[in-house]
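Enquirer: A predicted structure for the sequence below; I have some questions about it.
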Amino acid sequence: KNEVEQSPQNLTAQEGEFITINCSYSVGISALHWLQQHPGGGIVSLFMLSSGKKKHGRLIATINIQEKHSSLHITASHPRDSAVYICAVASLKAAGNKLTFGGGTRVLVKP
Amino acid sequence: ETGVTQSPTHLIKTRGQQVTLRCSSQSGHNTVSWYQQALGQGPQFIFQYYREEENGRGNFPPRFSGLQFPNYSSELNVNALELDDSALYLCASSLGFSPSYEQYFGPGTRLTVT
């Protein structure tokens, strides 16, 4: 079993819909990251969380440390949100700030 | 302030050859991590360098090696290339190796081994 699991693997939404991506992890962590990767390959950091909730524009990220679970929400989705969203954790056991990644959720928002 | 850059963008190598990939960290960042991302998968940690010393290594064979220079730029070297080494190679820099520091990713180098 992977240390970081994401669901769903693929998601298609109509423009304007509310999108939720889930991330579950099995290790103790010091931080959880949500990242966005566009088809060209470059990765952009969206959020870094160790507790609670963060909001940036139409994006909201929450984390429940006790349940080892995080969600990324996209409100009023837009075609430009189409990308792969990746959850990654910095494990308490790992050296430095090494990240362990989930497999990603491929999001397609149709106009 | 320039972001993280990587070179080359793409390259094609033959099985058995050697390759060197380069990464320039964001200004002021002394820590760099390298990741391998196979097609359709999440990235896998290769190793991390802090102030020119290796500071952690993932489950990769010794033919994957690295260097960090005094200006904190970094190289990833892969010897005896195998077909499975075909992937996107990402580097990420940060202000330090504490998990509290955000990592900034480069655009990646896409390596194809034929």
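Expert: Received it, and whenever you're ready, just let me know what you need.

Enquirer: I'd like to know how far the nearest residue to B:Gln6 once chain neighbours are set aside sits from A:Lys98.
Expert: In space, and not counting its chain neighbours, B:Gln6 is closest to B:Gly106: 4.0 Å by C-beta to C-beta, 6 or more residues apart in numbering or on different chains. (Glycine included, C-beta is placed from N, CA and C.) Distance, B:Gly106 to A:Lys98, by C-beta to C-beta, to the nearest Å: 17 Å.

Enquirer: where along the chain do the strands fall?
Expert: Defaulting to chain A. A:4-7, A:10-14, A:19-25, A:29-37, A:43-49, A:52-56, A:59-64, A:69-74, A:83-91, A:100-101, A:105-110 (DSSP state E).

Enquirer: hmm, I had chain B in mind actually
Expert: Per DSSP E, chain B carries strands over the ranges B:5-7, B:10-13, B:19-24, B:31-37, B:44-50, B:53-57, B:64-68, B:74-78, B:87-94, B:104-105, B:109-113.

Enquirer: Just list what the last one packs against, helices and strands only.
Expert: Of the remaining helices and strands, those touching strand B:109-113 by 3 or more C-beta pairs under 8 Å, 6 or more residues apart in numbering or on different chains; DSSP states H and E are strand B:10-13, strand B:19-24, strand B:87-94.

Enquirer: Off-centre distance for the longest one?
Expert: In terms of C-alpha atoms, centre = their mean, to the nearest Å, the centre of strand B:87-94 is found 5 Å from the chain centre.

Enquirer: Next, the angle strand B:109-113 makes with it.
Expert: 150 degrees (axes from the mean of the first three to the mean of the last three C-alpha atoms, to 10 degrees).

Enquirer: Also the second one?
Expert: Taking the same axes, to 10 degrees, one finds that strand B:19-24 is oriented at 180 degrees with respect to strand B:109-113.

Enquirer: B:Lys13 and B:Val19 touch, don't they?
Expert: Yes: B:Lys13 is within contact range of B:Val19, at 5.3 Å (criterion: C-beta atoms under 8 Å).

Enquirer: Need the strands of chain A in JSON lines (columns: distance to chain B, mean neighbour count and mean pLDDT).
Expert: As requested, the strands of chain A are exported to JSON lines (distance: least, C-beta to the nearest C-beta, whole Å; neighbours: other C-beta atoms under 10 Å in any protein chain shown; pLDDT from 0 to 100):
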{"stretch": "strand A:4-7", "distance to chain B": "8", "mean neighbour count": "18", "mean pLDDT": "96"}
{"stretch": "strand A:10-14", "distance to chain B": "11", "mean neighbour count": "14", "mean pLDDT": "97"}
{"stretch": "strand A:19-25", "distance to chain B": "11", "mean neighbour count": "19", "mean pLDDT": "98"}
{"stretch": "strand A:29-37", "distance to chain B": "4", "mean neighbour count": "22", "mean pLDDT": "94"}
{"stretch": "strand A:43-49", "distance to chain B": "4", "mean neighbour count": "19", "mean pLDDT": "92"}
{"stretch": "strand A:52-56", "distance to chain B": "12", "mean neighbour count": "12", "mean pLDDT": "96"}
{"stretch": "strand A:59-64", "distance to chain B": "14", "mean neighbour count": "18", "mean pLDDT": "97"}
{"stretch": "strand A:69-74", "distance to chain B": "15", "mean neighbour count": "20", "mean pLDDT": "98"}
{"stretch": "strand A:83-91", "distance to chain B": "4", "mean neighbour count": "24", "mean pLDDT": "94"}
{"stretch": "strand A:100-101", "distance to chain B": "3", "mean neighbour count": "22", "mean pLDDT": "93"}
{"stretch": "strand A:105-110", "distance to chain B": "9", "mean neighbour count": "17", "mean pLDDT": "97"}
